[in-house]
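# coordinates only, sequence not included:
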Ligand code: SF4
Ligand code: SF4
C-alpha cells in the first residue's frame, strides 16, 4: 500500500470510528436516566449480596459462633486489620482449651480482599453488604465481632444469614 492509499485508509477509518462513538452518544441521549436519589431511596435500594462492606461473625440463637481462635485469618490478612485474642480455659473434664476472647477488626484498615473469609477453616466470618458505615471518628471503625457472652458452637453446622448488623457489638 502506497502512502496516499494509507492516508485515505486511515482517514476513513477515523471517520468510521468517530461516527461509531457519536452513535453511542446519540443513543444515550434518549435513554431513560437512572440517577438514584440516595439516601431518599433507602427503602428500595438494592445492594448486591456479593458486595463486601462489613466483616461479620454470625452467631446462632444460642449466641454461639464458629470461631476457634486459630488465628489463620489474622495471619492471612495483608493489612494487619484483624487481631484475634484468645484465652485458655479448663473444661469440665479438666482439659485445657483455647477459645476466642475478643475478635478485633478495623474497617478503616480493611481493603475487603476477602482473604480472611476464604482462608477461615471454620466458616466463622463472612462479609455482609451493610454499606452505611460512615463515621466522624475513625476509632468507631474498630469493631469487636464476637458478641458479649458468646461461645464456640460444639458442632460446626452452618448458621443462617443473620441480620446485617448481627455480627457487630
Ligand atoms: S475467624 Fe476463622 S480463621 Fe479467624 S480465628 Fe476464627 S476460626 Fe480461625
Ligand atoms: S478482607 Fe482482607 S484486608 Fe480485610 S480483614 Fe480480611 S484479609 Fe484483612
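Yes, it's here. Since we're looking at a predicted model, the values are computed, not measured. Ligands and ions are numbered 1, 2, ... in the order given.
# tally of neighbours for residue 31?
Burial measure for residue 31: 7 neighbouring residues, criterion other CB atoms under 10 Å. The C-beta positions use only the backbone N, C-alpha and C, and glycine is treated the same way.
# Quick check: which element contains it?
In this structure, residue 31 is located outside every helix and strand according to DSSP states H and E.
# now residue 16
Per DSSP H and E: helix 3-29 holds residue 16.
# Determine the next helix or strand in the C-terminal direction from that helix.
Later in the chain than helix 3-29, the nearest helix or strand by DSSP H and E is strand 54-56.
# Can I take it that residue 101 is in a helix?
No: the secondary structure assignment for residue 101 gives strand rather than a helix, going by DSSP: H, G, I helix; E, B strand; the rest coil.
# how distant is stretch 118-129 from the center of its chain?
Between the mean C-alpha location of stretch 118-129 and the chain-wide mean there is a distance of 10 Å, by CA atoms, centre = their mean, to the nearest Å.
# What distance separates the opening and closing residues of it?
One end of stretch 118-129 sits 17 Å from the other (CA to CA, to the nearest Å).
# Name the residues of that stretch that are buried.
Residues 120, 122, 124-128 are the ones in stretch 118-129 that count as buried (16 or more other CB atoms under 10 Å).
# number of nearby residues for residue 49?
As a burial measure, the neighbour count of residue 49 was computed by other CB under 10 Å and equals 9.
# May I have the phi/psi pair for it?
The phi and psi values for residue 49, taken as degrees, to the nearest 10, are phi -60, psi -30.
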